[in-house]
Structure formats: structure tokens, C-alpha cells
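# Kindly generate the corresponding structure for this input.
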Amino acid sequence: MAHAINRLTARKVANLDAPGRHADGGGLYLNVTASGAKSWVLLYRMGGKRHEMGLGSVNAVPLVKARELAAEAREKIATGTNPLHEKRASPPPAVPTKAVTFADVALAYMADRETTWRNAAHRAQWRQTLEVQAAPIWSAPVATISTADVLDVLRPMWSTKTETARRIRGRIERVIDAARAAGHRAGENPARWRGHLDVLLPRPRKLMRGHHAAMPRDRIAGFYAYLCYRTEPSAYALRLTILTAARSGEVRGMTWGEVDLAEALWIVPAARMKGHREHRVPLSAEALAILRAVRPDEPGAADLVFPSRVGTKLSDMVFLMLLRRAGMGEYTAHGFRSTFRDWVHEDTAFSGDLAEAALAHLVGDETERAYRRGDALEKRRHLMDAWANFVCADRGAPSTSAIRSL
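Numbers count the residues shown, from 1 in each chain. Below is the predicted model of the structure:
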């Protein structure tokens, strides 16, 4: 009887290619289609009707398993239970949900900003810093990333590659913020600096720019006082560069048509900006005093605010010469932007995004840019006023000995 039931063998199942149904016995058939696909089917009668129930493909269900499934179905039929109805009533097996990873959120975040990040190098840098330098968390579920995980990324480079480490921390923070906004995680952001990582990591070392360091915050007030002692156009220009946290080229190319003294505003046109976007700079009282001091009676809109002796744009070397004269030749004019950022992050309660807006850095999406064009300008006025107060702390003509001690 067993032989009559089990007519097929594993070899026959593998070799059969004739289309049709090939009986194994007891209502179990191997079904072969014209295309060569093979599957198991159980035929049975119940309630006066003929039923047909699939048991799966040969690839997923071998012969032995097909016989077991057929036997279980026949037992149910014998007790009056239709196995086909039972199968249809059973919910499908749950499909495991893939955890959303840090990489998933980061790639989506970057893709959303592809159109706003015009610089291809900037886009590549974002991907490289997160995928390579933040490799320990790249493939981790974003919901489970902890402070310890973030520290595993930052600590190896915190003391040796300060600028890189700070940049990566900020990018990790933004990606995790995006994950929180999308509902992929809850709780505090483990990459947040103020009130969190700042109590776990030492203060960053001085930010390096090429072969030159940014001037330490505790020396900038004395240096500014030294500049106030000088009267050449380059000294006035460097003072304004420090006060506005602008790029030196933007100040050296500044024209009177860009300045609105009544509104205390300097509008740098997109054509002169590195990011090719118009940048509005709120002017502190100290900055206004500098501009009023150098303003001719009736300047033309295209006239330079800080012309050289021959009326042309100041050379980029003039600021370096001023630094060297003060015994600070190891620093650069561009480094004052880094000093400003350090001051915001370490010594104030102003937000990092506000500092980035003041530096004319592209923060991200359209909403954030609209924010900076709107009320962020007034918030930046408070920021730049506070910066001016910090810079001018030692204002006054310093003595020769004070200059030498800078």
C-alpha cells in the first residue's frame, strides 16, 4: 500500500519535464507547466465538490515535505475540516521589517539637498565623511545609536583632526535630527554638543587653516586694540573683516553701493559670494563707526570702501602683513571666521545654525534658508553685537609693551 501511494522518487521529480500532473498517490500530484515550472498540488473531494490546494513549488518544498503536508491535509479532511478554507483564513506570515539605518536616513537627507548643494565636491565630502569616517554607525539602526556610538566615531580624531571631527559631529547631529523628525527614533540627539558632548569631550584644539592656525579667542581683543592704533585702510578693512566674520575677499571688494548705513546693513551680491547667493550682513555699532570714519563725502556706488593707495582693490597680502607686524604671522585673516565660530559654540548660548548663517554657509533645505532670510537677520544682529562687544573688550590705544605682549 505504501508503494501504491509513494509513486514518485526524488530523482523522478528532478527529471520529469513532461507538462501535466504526475501522481504520487493519495491525491498528491507533481504539476509541471509548459515552461518547466514544478509545484505540488493536492486534489480531494469534500462536500460533494472537487478541491485543489497548492502546497508550494518543488524548489521550496521537497518531495518528503510535500508528502507530510498532504498527510496533514488528509487528516483534517477525515475530521470534516476543509484544509483549503483553513489555509485561506490563516493570516500570511509576518514579513520582518528592516530596521531603518543611519545610512538610510543620511542618503535620503543628502538626496533631498542635491539641488541646493551646487558644489559637487561638497556633496562628495558629505558622503565621504559619513560613510567612511563615521563608518561605525553607518549601517547601524538609527533608532539605537547612542552617545557611546557617536563618541566611538569622534574620539579617534578629536585631538588630531579637530576641524574634521567637528564637521562630522555636526553632520551626524543633522542626520539624527532628520531621523527624529521622520519618526525613526525618539529621545535626545546623542550627537548634540551643548549640554551633552561638551561635558564628555575636551574643548577642541585651535582650528587649523592650511599651515596657519585661527587666532585663539583670548588674544583677539588685544589684537583688535592694536588694529585700532593703526590708521591705514588695510587696518580698517581687517577690523571690519573681524567684526563681520566675512571672508577677506568680500571685505576687500566691498563697494559703497552695498552699504546701507541707515539700516545698518551690508548686502553682498551673489556674484561676489563663494556660494553664489546674496548675503545680508548686520552691522554692529563698531562696524558702522569704521564705515563712517572711512566714508568720503559723496562716494559712488561702485567705489571701493577700502581702496589701495592707487585706488585698486587691496591685495590679499595686506592683512598678513598687519598680522606679522603684530607678531602674529602664524595666523590668517580667514582664521578669524574660525575664531568667531569657536566663540559662538564655546562661549555663548547662540545656536550653531545662527553662526553658520552669519558665516554665509548653506545650512540645508529651503525652509532653513527662508528662515535665515527672514527673522534670522534680526537674531544675527544680536549675535554680531555680542561678537563686537567681545572683540572690543580691550578697545583703546594699547601701549608699546602691550602690543609686544599680544
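# Dump stretch 293-306 to PDB, restricted to CA.
Taking C-alpha atoms only, stretch 293-306 is exported to PDB below (Å, rounded to 0.1, in the frame of the first residue of the first chain):
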ATOM      1  CA  ALA A 293      35.300 107.000   9.500                       C
ATOM      2  CA  VAL A 294      36.400 106.000   6.000                       C
ATOM      3  CA  ARG A 295      33.400 107.200   4.000                       C
ATOM      4  CA  PRO A 296      34.200 110.100   1.600                       C
ATOM      5  CA  ASP A 297      31.800 113.000   1.200                       C
ATOM      6  CA  GLU A 298      30.000 111.700  -1.900                       C
ATOM      7  CA  PRO A 299      31.100 108.100  -2.700                       C
ATOM      8  CA  GLY A 300      30.000 106.500  -5.900                       C
ATOM      9  CA  ALA A 301      28.100 103.200  -5.700                       C
ATOM     10  CA  ALA A 302      30.900 101.400  -7.400                       C
ATOM     11  CA  ASP A 303      33.700 103.000  -5.400                       C
ATOM     12  CA  LEU A 304      35.600 100.600  -3.100                       C
ATOM     13  CA  VAL A 305      35.200 101.100   0.600                       C
ATOM     14  CA  PHE A 306      38.800 100.200   1.300                       C
END
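# Counting neighbours, what do you get for Ser308?
By other C-beta atoms under 10 Å, the residues close to Ser308 number 14. All C-beta spots, glycine's among them, are computed from the backbone N, C-alpha and C.
# Name the nearest residue to it, sequence neighbours excluded.
Leu314 (5.2 Å; C-beta to C-beta, 6 or more residues apart in numbering).
# is it true that the one you found touches Tyr236?
No - assessed by C-beta atoms under 8 Å, Leu314 is found out of contact with Tyr236, at 10.4 Å.
# residues touching the residue most central in space within the chain, list them.
Among the residues of the chain, the one closest to the centroid is Arg171, at 3.6 Å (C-alpha atoms, centre = their mean). Applying C-beta atoms under 8 Å, 6 or more residues apart in numbering, we find Arg171 in contact with 126, 129-130, 134.
# Report the secondary structure state of it.
Secondary structure assignment for Arg171 (DSSP: H, G, I helix; E, B strand; the rest coil): helix.
# Which pLDDT value does the model give it?
Looking at Arg171, its pLDDT is 90.
# And it, how close does it get to Ala237?
According to C-beta to C-beta, to the nearest Å, Arg171 stands 33 Å off from Ala237.
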